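# got a predicted structure plus its sequence, pasted below:
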Amino acid sequence: MIHDLSNPFSSPETSAKNSSQTISDRGKILRLPPDLILNVTRYLQPPLACTLEGQCVFIPREQYTTRPSRVCMYNPETDVWTEDSRACIDLGNSSCAHTVVGDTLHVVRERREETDHWIYTLKKGWKDIGRLPETVNGVSFAQTLGRLVLLGCDSGIHLHDTISGDWSRIGDSPVPEPYSEYPSVVGTCITDNTLLCLHTHRLVDDEDDCLMHASLVTLNETLLYPSEEMGWGRLLEWDTDWRGPLGIQ
């Protein structure tokens with residue numbers, strides 16, 4: 001469904017076209033012959049969605065044995081669908097959070113008691129960045145702050161520097177207590193360094209009614225780029241798991 005937000009009274013339109021382009025293993029967009037046009041993937045579960053280089057990108061949450069699901073993208077300017085022929089990571093049976101830094105999608109996937117970090121670009125496809133520190137668990141949401149990725153988890157608030165690759169836990173969870181069985185924590189930026197975090201959970205005696213907790217998370221401005229005070233080791237100084245051993249008060 002396509003809705004022009006600049007005209008709130010307009011009617012949504014539906015794009016039901018097939019994929020007429022594909023991305024090769026080398027990252028080139030190839031136009032398909034008319035007899036090889038692909039059906040746009042129908043996802044059983046709501047896919048992850050983001051915008052990369054002006055394209056609306058959809059990442060499947062499930063994979064099939066007969067025909068693996070691929071990343072699909074839609075260009076709203078040309079009304080053209082493209083399917084990425086390169087293999088896609090499997091997000092089935094996992095909890096995940098995603099955000100975009102520049103033209104790179106960052107996906108944090110948690111399953112089988114392990115949390116790993118993947119990135120995706122239209123040119124290079126998927127790349128495994130590796131496992132996250134063991135302190136990262138109960139992934140809820142991710143947000144972009146300049147070149148930093150903020151990750152909200154049951155285990156606390158974590159920052160990732162996409163340039164240096166550093167991970168640091170900078171604070172406790174933004175909700176009163178972790179409710180891992182209710183993965184309904186969301187966070188959104190309301191200023192350059194402040195997030196509004198909302199967490200809902202069902203009442204014990206009523207499955208329909210929920211309680212909602214709201215909290216604000218404000219980052220010290222010295223953590224943000226550009227900043228003269230932000231050096232390569234700055235994240236380490238803010239890491240609450242290392243402050244004691246390093247003698248930082």
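Okay, I see it. From a predicted model like this one, the values you see are computed outputs, not experimental measurements.
# just the buried residues of stretch 98-115, please?
By 16 or more other C-beta atoms under 10 Å, the buried positions in stretch 98-115 come out as 98-101, 105-110, 115. The way it works is simple: take the backbone N, C-alpha and C, and place the C-beta from them, glycine included.
# which of those residues fall within strands?
Taking DSSP state E, the ones among these that sit in strands are 98-101, 105-110, 115.
# which of the residues you listed lies closest to Leu216?
Compare each of those with Leu216 using C-beta to C-beta and the shortest gap goes to Thr99, at 19.0 Å.
# wait, the closest one touches Val139, no?
No - taking contact to mean C-beta atoms under 8 Å, the distance of 11.7 Å between Thr99 and Val139 leaves them out of contact.
# Asp172 reaches His158, doesn't it?
No - taking contacts as C-beta under 8 Å, Asp172 lies outside contact range of His158: 11.1 Å.
# which of those two has more neighbours?
His158 (25 against 12; other C-beta atoms under 10 Å).
# can I get the ones in strands among the buried residues of stretch 98-115 in CSV including pLDDT?
Output for those, formatted as CSV (pLDDT from 0 to 100):
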residue, pLDDT
His98, 93
Thr99, 93
Val100, 94
Val101, 92
Leu105, 96
His106, 95
Val107, 95
Val108, 93
Arg109, 91
Glu110, 88
Thr115, 89
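# ends of stretch 21-32, what's the gap?
When the termini of stretch 21-32 are compared using C-alpha to C-alpha, to the nearest Å, they are 5 Å apart.
# hmm, who's touching that stretch?
Here stretch 21-32 makes contact (C-beta atoms under 8 Å, 6 or more residues apart in numbering) with 19-20, 38, 80-86, 122-125.
# list the contacts of Arg61.
Applying C-beta under 8 Å, 6+ apart to Arg61 gives the contacts 43, 45-48, 91-92.
# quick one: Pro76 from Gly54, how far?
From Pro76 over to Gly54 the distance is 8 Å, taken as C-beta to C-beta, to the nearest Å.
# name the nearest residue to Glu77, sequence neighbours excluded.
Counting by C-beta to C-beta, 6 or more residues apart in numbering, Gly54 is the residue found nearest to Glu77 once chain neighbours are left out, at 7.0 Å.
# my guess is the one you found meets Val80, correct?
No - with contact taken as C-beta under 8 Å, Gly54 and Val80 are classed as non-touching, separated by 11.8 Å.
# tell me which of the two has more neighbours.
Counted by other C-beta under 10 Å, Gly54 and Val80 do not tie: Val80 has more neighbours, with 17 against 11.
# hey, what's that one bridged with?
Asn75 (DSSP bridges).
# looking at it, it is touching Ser20, isn't it?
Yes - in this structure Val80 lies within contact range of Ser20 using C-beta under 8 Å: 6.0 Å.
# now the helices for the chain?
Counting by DSSP state H, the chain has helices at residues 234-238, 243-246.
# worst mean pLDDT among those helices?
When the helices of the chain are compared on mean pLDDT, helix 243-246 scores lowest, with a mean of 52.
# quick one: Leu145 from Asn193, how far?
7 Å.
# now do Gly146
Look at Gly146 and Asn193: by C-beta to C-beta, they are 10 Å apart.
# please apply the same query to Arg169.
For Arg169 relative to Asn193 (C-beta to C-beta), the value is 18 Å.
# looking at the two, which is more packed in?
It is Arg169, of Arg169 and Asn193, that has more neighbours when counted by other C-beta under 10 Å, with 20 against 16.
# quickly list what that one is bridged to.
Going by DSSP bridges, Arg169 is paired in beta bridges with His158.
# thought it was touching Gly152?
No - counting by C-beta under 8 Å, no contact exists between Arg169 and Gly152, whose distance comes to 11.4 Å.
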